[in-house]
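A.B. asks: Could you look at this predicted model? Sequence included:
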Amino acid sequence: MEIKDLQANQGKVDLVVEVMHKEDPRTFEKFGKSGKVCNAKVKDASGQVTMTLWNEDVDKVSVGDRIHVENGWCSEYKGEKQVSAGKFGKIEVLGSTGKTEKAQPAAKPAAKQDKQADKTVYTNDPGVLAGQGLSDDGDEENEDEEPSMGDEEFIED
């Protein structure tokens, strides 16, 4: 089955999809029990759909994973179809595509930061690339000076 074939209120959904995006999980309490839930965007060759992940599936599934939804359920929320494993289905992680869109990890405390990370400079200043250091304004070259390109000579047409 493909995403384009999904119908609202349909059971026995069987899909193989790639997880493109995953929202932060939320916690809930129902009938005195707590749980976790989050939404994810999944796609296949025919399209994309929102998938609701419940409890242990929240931690099992990551961005970039190829997953198989077996005996799942398709519902509709605010006019859009959504897929979940439902009460009787299961989600199996088949592998990772290597594409990730995960949030940046939390910053390490200053005392434990890697010394190499302290020396890393990210810039688009052409002067840094030519070994001159940062320009005065940090992002544009001084228009009065010729940009230095090392020992190479460039001829303008």
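C.D. replies: Arrived safely, thanks for sending.
A.B. asks: so where do the strands sit in this protein?
C.D. replies: With DSSP state E, the ranges of strands along the chain come out as 10-22, 26-30, 33-44, 47-54, 65-77, 80-84, 90-96.
A.B. asks: The fourth one vs strand 26-30, what angle?
C.D. replies: The directions of strand 47-54 and strand 26-30 differ by 50 degrees, with axes from the mean of the first three to the mean of the last three C-alpha atoms, to 10 degrees as the criterion.
A.B. asks: again, but for the last one
C.D. replies: Per the same axes, to 10 degrees, the angle that strand 90-96 makes with strand 26-30 is 170 degrees.
A.B. asks: the bottom helix or strand of this protein by mean pLDDT?
C.D. replies: Ranking every helix and strand in the chain by mean pLDDT, DSSP states H and E puts helix 115-118 at the bottom, with a mean of 49.
A.B. asks: Could you pull up the residues touching the residue nearest to Ile3 when sequence neighbours are not counted?
C.D. replies: Take Ile3 and drop its neighbours on the chain: the residue closest to it by C-beta to C-beta, 6 or more residues apart in numbering is Gly47, 4.4 Å away. Bear in mind the C-beta positions are built from the backbone N, C-alpha and C, glycine included. Each residue near Gly47 by C-beta atoms under 8 Å, 6 or more residues apart in numbering is listed here: 2-4.
A.B. asks: Nearest to Thr27 among these?
C.D. replies: Ile3 (28.5 Å; C-beta to C-beta).
A.B. asks: Any regions of the protein where pLDDT drops low?
C.D. replies: 98-157 (pLDDT under 70).
A.B. asks: Quickly list the domain ranges of it.
C.D. replies: Listed by automatic domain parsing, the domain ranges of the chain are 3-96, 112-143.
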